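>>> fold the following and give me the result.
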Amino acid sequence: MARYTIWDKVSPVITPIGEVLTAEQWKARYPVAGVESIKVVCAGGEINGAFFGTLNQMKEMYAKNGCDFSACVSDEDYLDAIEAFEDEMNKPSSEPTAEERQATALEAIATGATSETTAAMDALLNGEG
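Numbers count the residues shown, from 1 in each chain. Sure, this is the predicted structure:
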């Protein structure tokens, strides 16, 4: 299911709290939705009132953040590109965290520790160096 879709300005809108609003009630809540020249973006799926935005504003905001729209032709292409961009931004990193890098470095130091290097580290840590 797509995360976003273009609202047709006539279908009912269902909000996350279970409200079922007519198109006119939705336009009263968000007057910009009644402007004919503005394409309204809503959430995909049955609970379409979980998101409200405008297509041109979304395109501008995502382009500024680096989203590539060069292959986009249709409104759906733009929404698909935005969704893919969000997915990429929110993808878990496979890079080790700072804590993991520190633990690895400390393990490497401990593995190669000798009485000489331990004494040198103690001196450095205790301000004797």
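>>> burial of I82, as a residue count?
Counted with other Cβ atoms under 10 Å, the neighbours of I82 add up to 24. Where you see a C-beta, it was placed from the backbone N, CA and C, and this is true even at glycine.
>>> show the contacting residues for it.
With Cβ atoms under 8 Å, 6 or more residues apart in numbering as the criterion, the residues that contact I82 are 4, 58-59, 62, 67.
>>> and for D77?
Taking Cβ under 8 Å, 6+ apart, we find D77 in contact with 69, 71.
>>> which strand or helix spans it?
Applying DSSP states H and E as the criterion places D77 in helix 75-89.
>>> I109 now?
Under the criterion DSSP H and E, the helix or strand holding I109 is helix 98-111.
>>> tell me where the model's unsure across this structure.
113, 128-129 (pLDDT under 70).
>>> residue nearest the middle of it, spatially speaking?
In the chain, the C-alpha closest to the average C-alpha coordinate belongs to E86, at a distance of 4.3 Å (Cα atoms, centre = their mean).
>>> now the element after the helix holding I109, going C-ward?
Remark: after helix 98-111, the chain's next helix or strand is helix 115-125, criterion DSSP H and E.
>>> mind giving me the packing neighbours of that following helix?
Packing partners of helix 115-125 (3 or more Cβ pairs under 8 Å, 6 or more residues apart in numbering; DSSP states H and E): none among the helices and strands.
>>> now do it against helix 98-111, angle only.
Between helix 115-125 and helix 98-111, the angle formed by their directions is 140 degrees, by axes from the mean of the first three to the mean of the last three Cα atoms, to 10 degrees.
>>> residue contacts, R101?
Residues in contact with R101 (Cβ under 8 Å, 6+ apart): none are found.
>>> how much space between it and C42?
Distance check for R101 against C42: by Cβ to Cβ, to the nearest Å, it reads 43 Å.
>>> same check on T104?
46 Å.
>>> more neighbours, those two?
C42 (22 against 11).
>>> pairing partners for the helix or strand containing the more buried one, with directions?
Secondary structure assignment for C42, by DSSP H and E: strand 40-43. The strands beside strand 40-43 in its sheet (DSSP bridges) come out as strand 4-6 (antiparallel), strand 52-54 (antiparallel).
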